[in-house]
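Novice: Using only what follows, build the 3D model:
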Amino acid sequence: MYSALIVEDELFALHSMRDMLDWNGAGIDRVYEAANGREAYEVYLREFPDIILTDLSMPVMDGLTLIRNIREREGDAKTRIIIMTCIDDFAQAQQALNMGVSHYFLKATASCRDIQKILQNTTRDLDKERLSQGTSSAEKAIQILKHGGALSPEDAVAALLAAGISPEENYAVLLLCLPRKDSLLPDHEILQRTIKACSGADAEILRISPGCCAFLLNQENAERLSIALPRLCAELSAGGSGGMRAGMSGWAQGPGSLAEAVRQAGKGLDLCYFTGACPSLYVGQEGFLVPEDIAIRLLALPNAFFHVPQKFVDSYESRIRQVTSRSYPDSGSFQEALSAVAVWLSMQTDSARDSLEENCVACTRRISESGTLRESIACFEEYATDVLNLSSFSRQMPDCVKEALHYIHDNLDHPLSLNEIAEHIHLNPAYLSTLFRRVMNQSPISYINSVRIERAKLLLRSTDQSVNEIAASLGFAQDIYFYRLFKHHAKVTPNEYRSSAQRQDSGTRQWMPAARYGGTFSGDRQQPVKKGQTGSANEPAREEDAT
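Specialist: A predicted model of the protein is given here:
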């Protein structure tokens, strides 16, 4: 069975053709519709219909331009195109015939029987072509498998043979994708030329969607392309709207392994998202965990807003722990989970704003279109900060105090002094201290130490870092001072606190060491201050420094 697309700007004519023809009798089981050439081109790139029946005179994009895009830009000489024309635009029909149009008929005189006969002749030609060459078998097979469909053994054999792969030799599947849904891969000719220049591999491009294509590669071409993939991704990303992702399967053999090879290539694409590495070859990884440093960043986000009620903070942390403790089968599943928290956030603020719902929709869209995990997290953090800033307390807080709070939370990894903070926001230290006390009911230094201890509690609960490593990462050059300050705030030592937290959270997530990702995410982790550093410049903030 085949698929067809009707392109007609007159709604009555479109519906008449759709309802009056015997599509199944012509061997067509899927019929798509479009009102102009642009809509038709989008449907073509998404669905790859076997037959297109198109008018020539249409708004937005006419039929000639549509045909030209399909034949020249996409390099597609396989799709059968039938034009519907009027006497007035017969000169255009002649131009279309020169671009490989299969049939044409005059709308004013053609009967349903005439059109039915044209469709039957067209599908008969397609049947003969499939039997003799298996031409579109590879492209159709990869499309079906990529979208979760099943493939018969006969179709799998035809797909491999169409790609020039015998059942006895090793092969691999490669997927190239731009992550943004509105991103377009370069046209067929440019893409083919780029691949040839980067690798020397002679591989047929199998289009899956506007931003994704696939390759069925024998072992020789697969090895060439795997070496050239980093350069190829860089070349293709330079002119695109987002970074290219590439995922390649392991070696497969025989038609029965084709579905698994496509699945493995998809897993390679997800590995690009979660690790930030591109390209990725399939290494047997089935589930993906959110890295430890990302989870800590998300959990700590409300700490910059001490005015936020504790009830909200507890609920937020609970949701983030649920999101970051799961293993995800693919990037889309994680993006959906993170977007759900963004939607929940939009309902928590105590301030109404007309654009809040619009910003929430924009945030979830950006998360779903992000090419990397860190881009998704950055979108969420930006939106969450915006929501938290909407609270009544935040609006009343002086801007200089807000700046001081942001500077403190961005620089917890090294010793901070009142003078340093005041210099950053261009205020007199004494005036800043007085204003800060009035707003926050404590001095800047007390606030810094309390935030550091809260961050230490989070790290003690959520990581396997040693107490000394945690102290160093929070700017404490002397362990003894950290121990003393922690006990003053928490009423227990750090080790006692960790033991108690582990007993309470025995059923929760076991954090995965950062080494699991080969150090990919270590760039965001602050380097700890080395033990043994001395001098007042390396001392943590003390209350007496406020003077």
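
Novice: okay, and for this protein, where does confidence drop off?
Specialist: Within the chain, the stretches with pLDDT under 70 are 1, 87-99, 128-136, 181-183, 210, 238-242, 304-308, 349-355, 390-397, 505-547.

Novice: In the longest helix along the chain, which of the residues would be classed as buried?
Specialist: If you go by DSSP state H, the chain has its longest helix at helix 112-133. Residues of helix 112-133 classed as buried: Ile115, Gln116, Ile118, Leu119, Thr122, Thr123, Leu126, Arg130 (neighbour count, 16 or more other Cβ atoms under 10 Å). To be clear about C-beta, it is placed using only N, CA and C from the backbone, and glycine gets the same treatment.

Novice: Can I get those residues in TSV including distance to Ser102?
Specialist: Shown next, in TSV, are these (distance: Cβ to Cβ, whole Å):
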residue	distance to Ser102
Ile115	13
Gln116	15
Ile118	8
Leu119	10
Thr122	6
Thr123	11
Leu126	10
Arg130	15
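
Novice: Return the set of buried residues in stretch 21-31.
Specialist: Using 16+ other Cβ under 10 Å as the test for burial, stretch 21-31 gives Leu21, Trp23, Ala26, Gly27, Ile28, Val31.

Novice: Quote the end-to-end distance of it.
Specialist: Length of stretch 21-31, first residue to last, Cα to Cα, to the nearest Å: 11 Å.

Novice: ok, now stretch 317-337?
Specialist: 14 Å.

Novice: Same check on stretch 22-41?
Specialist: 25 Å.

Novice: how distant is it from the center of its chain?
Specialist: 31 Å (Cα atoms, centre = their mean, to the nearest Å).

Novice: ok, residues contacting that stretch?
Specialist: Contacting residues not belonging to stretch 22-41 are listed as 1-9, 11, 14, 18, 42-43, 47, 49-52, 54, 58-63, 65-66, 69-70, 116, 119-120, 122-123, 127 [Cβ atoms under 8 Å, 6 or more residues apart in numbering].

Novice: What is the neighbour count of Asp187?
Specialist: Neighbour count for Asp187, taken as other Cβ atoms under 10 Å: 13.

Novice: Surely it is in contact with Arg73?
Specialist: Yes: at 4.3 Å, Asp187 and Arg73 qualify as touching, with contact defined as Cβ atoms under 8 Å.

Novice: Looks to me like Leu176 is in a strand.
Specialist: Yes: membership of Leu176 in a strand is supported by DSSP: H, G, I helix; E, B strand; the rest coil.

Novice: Now do the contacts for it.
Specialist: Leu185, Cys212, Cys213, Ala214, Phe215, Leu232, Cys233, Leu236, Met244, Arg245, Ala246.

Novice: secondary structure element for the fifth one?
Specialist: I take that to be Phe215. strand 212-218 (DSSP states H and E).

Novice: which other helices and strands contact that strand?
Specialist: helix 137-146, strand 170-177, strand 206-209, helix 219-238 (3 or more Cβ pairs under 8 Å, 6 or more residues apart in numbering; DSSP states H and E).

Novice: how close does the residue of the chain positioned farthest from its centre sit to Met84?
Specialist: Here the chain reaches farthest from its C-alpha mean at Thr109, the gap being 50.4 Å by Cα atoms, centre = their mean. Here the criterion is Cβ to Cβ, to the nearest Å. By it, Thr109 lies 11 Å from Met84.

Novice: next one: Arg245
Specialist: Distance, Arg245 to Met84, by Cβ to Cβ: 40 Å.

Novice: Of the two, which one has the most company?
Specialist: Neighbours around Arg245 and Met84, counted as other Cβ under 10 Å, are more numerous at Arg245. The numbers are 27 against 23.

Novice: list the helices and strands the strand or helix carrying Leu53 packs on?
Specialist: Secondary structure assignment for Leu53, by DSSP H and E: strand 51-55. Strand 51-55 sits against strand 2-7, helix 37-47, helix 63-68, strand 80-85, helix 112-133, with contacts defined as 3+ Cβ pairs under 8 Å, 6+ apart.

Novice: can you give me the helices for the stretch 251-400 of the chain?
Specialist: Along the stretch 251-400 of the chain, counting by DSSP state H, counting those that start in this stretch, helices occupy 258-275, 292-300, 310-324, 331-346, 356-369, 373-389, 392-396, 399-410.
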